[in-house]
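Engineer: next one to model:
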Amino acid sequence: MLPLFAIFVGLGSSQSVLAQSTIATASISLNVKGSPVTYDAKPTTGGGTNFANRDFGSFDISTDVFAVTNGVLTINEDPSESYDQAVLRVRVAPGTLGSTVSVGFTDIPLVNAGLSNGVRTFTPTTAGYDILAAVTSPASGGSYRFDINFVATDNTNVTTLSTGLRKSVFTATGTRVNPTSAGPPVNAQSTILINTTGATTPNTTYTASAFNGTNLGTYDINDGKLTLNGGTLNTFESGGDVIQSARLQYLIVKPPQNSQPGFAFPQSEIALIQDGTGTAGNGGTNRSFSNSTALRNLISGLANQGIGTYTVTVTYEAVVLRANGTTFRVRDDNGGNGYTASFNTTGVPILIDTWTGGTSDDWFTPANWDLKIVPTANINVVIPDFGVGNTKPYPNIHAGAVYTFGSTTINNTNSGDAMCRNVDMQGSSQAQRSLCRLYQGRWKVYGGFSNLFDSYRQFDGSRIEFAGSGNQTITGGSFTDVDLSGAGTKALQGIMTISNSMNFLAGSGLFTTDISTPDNNYVTLGDRSGTAANGAQLTGETDSGYIRGFVRTSRTDVRANEVDAQGKPDPRTFGNIGVTLLFAGTNNPGDIIVTRNTAESYTPLVPSNGGTSRFGIRRIFGVRPSTTQPLVATMTFRYLDTELSNLGPQGNGSVPEPNLALFVSTSGGNQFGGLGRDALDQTNNILTKSGVRTFATFTLGDRDNPLPVSLTGFDAKRLGADALITWQTASEQNNKGFNVQVSADGKTYRNVGFVASETPNSTTPKAYTFTDTEKNKAGARYYRLEQLDVDGKSTFFAPRVVTFDGKAAETNTSIVAYPNPLNNEILHLSLNSSVSGTAVVRILDMTGRQVGQRQVAITLGSNDVPVENMSELKSGLYILNVMLPSGEKKTMKVTKQ
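Structural biologist: Residues are numbered from 1 along each chain as shown. You can find the predicted model right below:
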């Protein structure tokens with residue numbers, strides 16, 4: 001691993017020139033062949049219980065225990081300094097006390113236990129370090145060095161303290177076959193997932209060795225997005241060892257440049273989750289750990305250090321439980337150097353104000369911020385995670401109010417609204433995070449809102465306003481009341497839960513979600529509660545300001561024939577998302593889940609004989625009652641004018657408003673039944689239909705050009721150097737077959753193949769495939785189908801685009817699911833993979849609910865693997881999220897008939 005304090009290597013072995021504090025004590029505890037012993041690591045000479053220059057004797061690496069179990073560092077801290085980070089650095093390498101050792105150190109992070117009577121104490125994390133596990137060449141009688149160094153840093157004043165290098169030796173005997181290890185040479189290299197453009201675009205997957213030495217590009221220091229989303233770690237365990245957990249650690253450093261000193265930011269980490277249960281091999285167990293959705297923006301928090309070149313160093317660590325009950329760590333750290341990439345920053349830095357909690361919890365007190373100023377609309381805010389045992393208060397917002405902190409009365413009557421540009425609430429997990437609470441008043445956020453670990457808390461009566469005139473990103477969280485203003489687009493990158501209201505104010509822009517990941521990117525409006533009698537409400541949507549994406553809500557214990565306090569019919573409004581239902585009859589619907597999708601529309605066939613294209617509008621409701629009993633209801637369907645146009649793959653489709661009619665699909669959108677309408681209010685954009693008896697997927701279409709009832713999906717995907725074209729029919733009448741056509745410009749098409757109909761007349765689903773194997777494909781290729789009738793008539797499917805930019809390598813990870821629609825119990829995945837391992841297939845319904853999970857074995861290169869037991873699924877449209885062994889995530893839609 002790159003030394004955590006590498007930029008101070010020239011400052012001396014005991015402390016930096018500027019440091020006024022001194023090390024009081026430094027001790028290390030070891031398990032020596034089952035006996036706990038503590039040594040003094042501060043003295044530079046040997047003897048007694050001193051660690052320095054000690055010979056620990058001989059150890060059999062296959063049977064003995066020799067491990068670090070504890071370590072404590074205390075500092076007599078000068079009032080002008082604040083040491084916030086420390087590590088115990090260890091290394092094991094062949095050598096004697098007099099030899100030169102070039103192997104890098106491994107850092108064991110120490111926890112800041114706080115300051116008491118001027119003494120700062122650091123204690124270790126829970127896992128120890130197995131010294132014998134680091135023996136690299138276990139020849140009988142081999143001499144090894146075991147070196148340590150305690151290092152602490154005050155990142156505010158850029159000072160460091162160090163005990164200096166303390167050497168010891170021991171002798172390694174015995175042999176060990178296939179020791180427990182992390183990273184190469186296990187199964188495959190560790191990987192790093194980087195997103196250089198935005199959270200909604202695919203990750204770039206680097207092997208750790210390829211990442212090392214890479215320049216990741218240039219980014220604006222204020223608003224740049226260089227996202228570290230995680231990676232993968234492969235481990236091997238043997239001899240009764242069990243890998244308990246794994247993590248990716250990363251360290252950002254600004255090296256010295258332009259006559260300015262360097263700066264190291266505190267090390268951060270990303271938890272890696274085990275994929276599957278492990279597989280047997282090589283006399284032990286192979287495991288894989290991964291994370292692809294960590295959303296760590298590496299640019300956030302850099303501005304106060306100025307523009308220039310930065311480095312990010314990645315290491316991997318796994319905690320191992322040994323059969324004898326001790327724990328140790330195995331690492332993939334590139335021989336102690338880490339895997340380091342660089343990136344550049346430009347722009348005019350905007351100030352970053354970091355919360356210190358210097359005097360109280362009050363947001364509006366300047367002394368609580370490191371810049372000694374209260375944040376404004378053009379100042380970025382960082383709220384750090386103070387760590388376990390720290391007593392510093394986190395910020396609380398009481399805007400325009402009087403409250404007490406301890407015994408102190410704080411008067412914010414004239415404070416105005418709390419404000420900031422970007423806010424970054426830091427942490428490493430939900431259990432280890434910062435906090436920020438909005439108790440009273442309004443908090444205006446004009447930039448990004450990073451709440452990755454659920455740090456934000458909001459209380460009833462307060463309001464948070466996302467007010468940026470430019471684009472904003474919001475990672476999600478739990479909110480009571482949210483206002484949206486400013487013309488910029490607000491892009492949600494997680495799940496936002498609203499308990500009271502979400503309001504679009506005048507002039508507000510779009511609020512977007514990524515519809516391709518409906519399981520982890522949506523707005524959910526809460527059910528009825530004591531503070532929201534009709535549930536959380538969505539208000540103020542207009543053609544220029546609305547949620548463009550996925551919204552969901554639910555209502556419990558919905559009954560037929562509901563009335564209000566005056567005895568009038570009382571339809572359920574489901575948070576004012578645009579659909580109401582008033583149930584009649586004798587059966588109660590029970591609990592109901594309703595979803596809304598305003599990012600997609602159903603785009604079916606384009607006739608070739610002069611007919612009109614048939615489209616659904618860009619608003620889809622999913623309605624799922626819990627009862628299976630027959631139901632009947634009156635539905636109102638509200639829409640926006642902007643959702644009637646720019647439809648289809650070319651964006652040139654539309655539905656005339658006077659022609660709007662209600663359609664319902666029970667097959668996830670492949671086949672529709674027309675319900676018509678009872679009334680259409682074009683002034684208020686409301687369609688009404690009574691007697692609705694089927695509850696599934698609803699949209700509005702053109703009653704003069706209805707959505708299809710016989711022909712279903714068509715798709716084209718790149719598969720290495722080829723293109724796989726798949727399509728399906730629900731029924732066929734006088735069907736001769738299909739011409740597969742291709743175009744380089746989307747205008748002039750030619751035939752590349754013909755697929756005959758399985759039977760000219762059929763009422764059962766049929767699935768077809770065609771592989772375009774033409775050589776030397778390049779650029780965009782447009783594929784369409786020409787369906788030929790026996791009598792010579794033809795109809796075209798709208799084109800699908802496949803891009804062949806770049807080398808079509810065997811490791812290009814393309815994936816296709818077939819047959820689609822699925823009419824049996826086995827689905828096939830056809831793909832190329834850059835690594836071998838286990839792929840995890842998560843199956844979601846269109847409301848984002850996981851209904852199944854499968855694991856399939858993937859090999860390097862081309863694969864065609866079955867996903868079995870799909871007959872368990874009901875008919876409908878499903879989303880498959882496939883996590884590949886490389887950590888890449890692929891999403892596709894599959895219809896089950």
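
Engineer: lowest average confidence, helix or strand, in this protein?
Structural biologist: strand 606-607 (a mean of 46; mean pLDDT, DSSP states H and E).

Engineer: ok, then the element right after that strand?
Structural biologist: strand 616-625 (DSSP states H and E).

Engineer: strand partners of whichever helix or strand comes after that next one, parallel vs antiparallel please.
Structural biologist: Downstream of strand 616-625, the first helix or strand assigned by DSSP H and E is strand 632-638. Applying DSSP bridges to the sheet, strand 632-638 is found paired with strand 579-584 (antiparallel), strand 686-692 (antiparallel).

Engineer: would CSV of these with mean neighbour count, distance to Val320 and mean pLDDT be doable?
Structural biologist: Every residue, glycine included, has its C-beta placed from N, CA and C. Output for those, formatted as CSV (neighbours: other CB atoms under 10 Å; distance: least, CB to CB, whole Å; pLDDT from 0 to 100):
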stretch, mean neighbour count, distance to Val320, mean pLDDT
strand 579-584, 20, 53, 97
strand 686-692, 17, 59, 95
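
Engineer: mind putting those strands into a markdown table with distance to Tyr783?
Structural biologist: Output for the strands paired with strand 632-638, formatted as a markdown table (distance: least, CB to CB, whole Å):
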| stretch | distance to Tyr783 |
| --- | --- |
| strand 579-584 | 36 |
| strand 686-692 | 35 |
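
Engineer: Leu484 is nearest to which of these?
Structural biologist: Nearest to Leu484, of all the strands paired with strand 632-638, is strand 579-584, at 21.3 Å by CB to CB.

Engineer: about what we covered before: for Asn390, find the nearest of the strands paired with strand 632-638.
Structural biologist: Once those are compared by CB to CB, strand 579-584 is nearest, at 48.5 Å.

Engineer: tilt between the closest one and strand 616-625?
Structural biologist: For strand 579-584 against strand 616-625, the angle by axes from the mean of the first three to the mean of the last three CA atoms, to 10 degrees is 40 degrees.

Engineer: list the contacts of strand 579-584.
Structural biologist: 558-562, 569-574, 589, 592, 594, 596, 621, 623, 631-638, 692, 698 (CB atoms under 8 Å, 6 or more residues apart in numbering).

Engineer: can you give me the strands in the stretch 1-150 of the chain?
Structural biologist: Using DSSP state E, counting those that start in this stretch, the strands of the stretch 1-150 of the chain run over 22-32, 35-40, 54-60, 66-76, 85-94, 106-116, 119-124, 129-130, 142-154.

Engineer: mean neighbour count, these: which tops it?
Structural biologist: Stretch with highest mean neighbour count among the strands of the stretch 1-150 of the chain: strand 129-130 (a mean of 24; mean count of other CB atoms under 10 Å).

Engineer: can you spell out which helices and strands pack onto that one?
Structural biologist: The contact analysis (3 or more CB pairs under 8 Å, 6 or more residues apart in numbering; DSSP states H and E) places strand 129-130 against strand 66-76, strand 327-332.

Engineer: which of those sits closest to Gln189?
Structural biologist: Of the helices and strands packed on strand 129-130, nearest to Gln189 by CB to CB is strand 327-332, at 8.8 Å.

Engineer: given that closest one, what are its sheet partners and their directions?
Structural biologist: Strand 327-332 is paired, per DSSP bridges, with strand 308-321 (antiparallel).

Engineer: tilt between the partner strand and strand 106-116?
Structural biologist: Inter-element angle recorded for strand 308-321 and strand 106-116: 90 degrees (by the same axes, to 10 degrees).

Engineer: from Val865, how far off is the residue nearest the centre of the chain?
Structural biologist: For the chain, the residue nearest the mean C-alpha position is Thr293 (2.1 Å; CA atoms, centre = their mean). Using CB to CB, to the nearest Å, Thr293 is found at 24 Å from Val865.

Engineer: same check on Val312?
Structural biologist: Counting by CB to CB - Val312 and Val865 are separated by 35 Å.

Engineer: okay, the two: which has more neighbours?
Structural biologist: More crowded of Val312 and Val865, by other CB atoms under 10 Å: Val312, with 24 against 17.

Engineer: nearest residue to that one other than its sequence neighbours?
Structural biologist: Ile252 (5.3 Å; CB to CB, 6 or more residues apart in numbering).

Engineer: please state the offset of the helix or strand that neighbour falls within from the chain centre?
Structural biologist: Applying DSSP H and E as the criterion places Ile252 in strand 242-254. Here the centre of strand 242-254 is set off from its chain's centre by 17 Å, with CA atoms, centre = their mean, to the nearest Å.

Engineer: what does stretch 102-120 give?
Structural biologist: 30 Å.

Engineer: pull up the distance across it, start to finish.
Structural biologist: End-to-end distance of stretch 102-120 (CA to CA, to the nearest Å): 32 Å.

Engineer: same question for stretch 552-570.
Structural biologist: 21 Å.

Engineer: what comes into contact with that stretch?
Structural biologist: Outside stretch 552-570, the residues within contact range by CB under 8 Å, 6+ apart are 522-528, 535-536, 571-572, 574-575, 577, 582-596, 625, 631, 847-848.

Engineer: Ser292 and Leu193 touch, don't they?
Structural biologist: Yes - counting by CB atoms under 8 Å, Ser292 sits close enough to Leu193 to count as a contact (5.4 Å).

Engineer: which parts of stretch 385-397 are buried?
Structural biologist: Using 16 or more other CB atoms under 10 Å as the test for burial, stretch 385-397 gives 385-387, 390, 393-397.

Engineer: okay, now the sheet partners of the helix or strand containing Phe236, with direction.
Structural biologist: Assigned by DSSP H and E, Phe236 belongs to strand 227-237. Taking DSSP bridges as the criterion, strand 227-237 forms sheet pairs with strand 181-182 (antiparallel), strand 191-195 (antiparallel), strand 284-291 (antiparallel), strand 296-297 (antiparallel).

Engineer: before we move on, back to that, quick one, which of the strands of the stretch 1-150 of the chain is nearest to Asp460?
Structural biologist: Using CB to CB, those put strand 106-116 closest to Asp460, at 33.6 Å.
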